[in-house]
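Engineer: I need the structure of the sequence given here:
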Amino acid sequence: MGKKVTPYKDSRLSKKEQVTQMFDTISEKYDGLNRVISFGIDVKWRKKVVDILSEKSPNSILDIATGTGDLAINLVKTGADKIVGLDISPGMLEVGKRKVAAKKLHKTIEMVEGDSEKLPFADNSFDAVTVAFGVRNFESLKKGLAEIYRVLAPKGTFVVLETSVPTKSPYKQGYSFYTKNILPIIGKLFSKDRSAYAYLSESASVFPHGEAFNNILREIGFIEVGNRPQTFGVASIYVATKK
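Structural biologist: Coordinates of the predicted model:
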């Protein structure tokens with residue numbers, strides 16, 4: 001499963017409460033941070049998620065940990081009639097709502113505040129569920145994945161985009177140098193909340209990726225599980241199906 005990492009090591013708050021506080025704090029600068037730390041490649045990764053789901057033609061999609069709505073907005077291209085973006089951070093959702101309104105997508109996209117481990121939806125509610133850079137923030141990974149399985153319709157598709165750690169040289173060494181030496185500098189430029197950016201890096205390094213995460217998905221009950229490493233393995237796209 002991977003070591004538990006929280007943003008503020010001296011806090012008495014739960015991981016869930018800390019993550020909410022952290023993203024509220026950095027919400028206004030989050031989009032810019034994503035572009036910088038990934039050199040803009042995260043845009044390409046999200047497009048691949050959209051391409052995967054476009055082949056499935058889902059009518060309804062739930063985007064969990066939607067944040068500022070980047071993926072939810074891109075998912076409009078799948079042709080889905082209904083897209084729900086859910087996040088636990090009011091600050092991130094507020095930014096997302098402004099983006100949805102600016103693009104006049106409010107009839108298709110609904111932004112909802114909610115907990116990924118207690119989803120406010122009935123069983124079998126969505127044809128597809130997505131999570132981009134969010135599963136590592138679940139307080140209980142298995143509980144969150146079980147909730148996703150519950151609300152996903154039979155034969156529905158689950159797609160996860162998450163950071164991972166390269167296993168081959170020289171990418172492994174380059175990734176290690178970047179996360180330990182460069183990423184903290186970027187964090188200081190974006191925010192005074194240095195703990196938040198340290199957490200983003202550390203949580204990615206300890207999260208179970210590749211076949212380890214595939215096995216957890218299978219344990220939950222998903223079938224047709226597979227992962228697709230992106231950009232030398234610094235990210236992975238996982239695709240699974242509900243029975």
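
Engineer: the protein: strands as residue ranges?
Structural biologist: Secondary structure of the chain by DSSP state E: the strands cover 60-64, 82-87, 109-113, 126-132, 152-163, 223-230, 235-241.

Engineer: want to throw those into CSV with mean neighbour count and distance to residue 53?
Structural biologist: Placement of C-beta: from N, CA and C, glycine included. Output for the strands of the chain, formatted as CSV (neighbours: other C-beta atoms under 10 Å; distance: least, C-beta to C-beta, whole Å):
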stretch, mean neighbour count, distance to residue 53
strand 60-64, 26, 7
strand 82-87, 24, 11
strand 109-113, 19, 15
strand 126-132, 26, 5
strand 152-163, 21, 6
strand 223-230, 15, 14
strand 235-241, 21, 9
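
Engineer: rebuild those as TSV, extending it with distance to residue 189 and mean pLDDT.
Structural biologist: As requested, the strands of the chain are arranged in TSV below (distance: least, C-beta to C-beta, whole Å; pLDDT from 0 to 100):
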stretch	distance to residue 189	mean pLDDT
strand 60-64	28	98
strand 82-87	25	98
strand 109-113	28	98
strand 126-132	23	98
strand 152-163	20	97
strand 223-230	25	96
strand 235-241	22	97
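
Engineer: residue ranges in the chain under the pLDDT threshold?
Structural biologist: When the per-residue scores of the chain are filtered using pLDDT under 70, the ranges that remain are 1-3, 184, 187-188, 190-197.

Engineer: recalculate using a threshold of 90.
Structural biologist: Judged against pLDDT under 90, the low-scoring parts of the chain cover residues 1-15, 18-41, 163-207, 209, 232-234.

Engineer: quick one: the helices in it, in order.
Structural biologist: With helices called from DSSP state H, the chain shows them at 15-26, 30-37, 41-54, 70-74, 90-102, 141-151, 171-177, 183-190, 194-206, 211-220.
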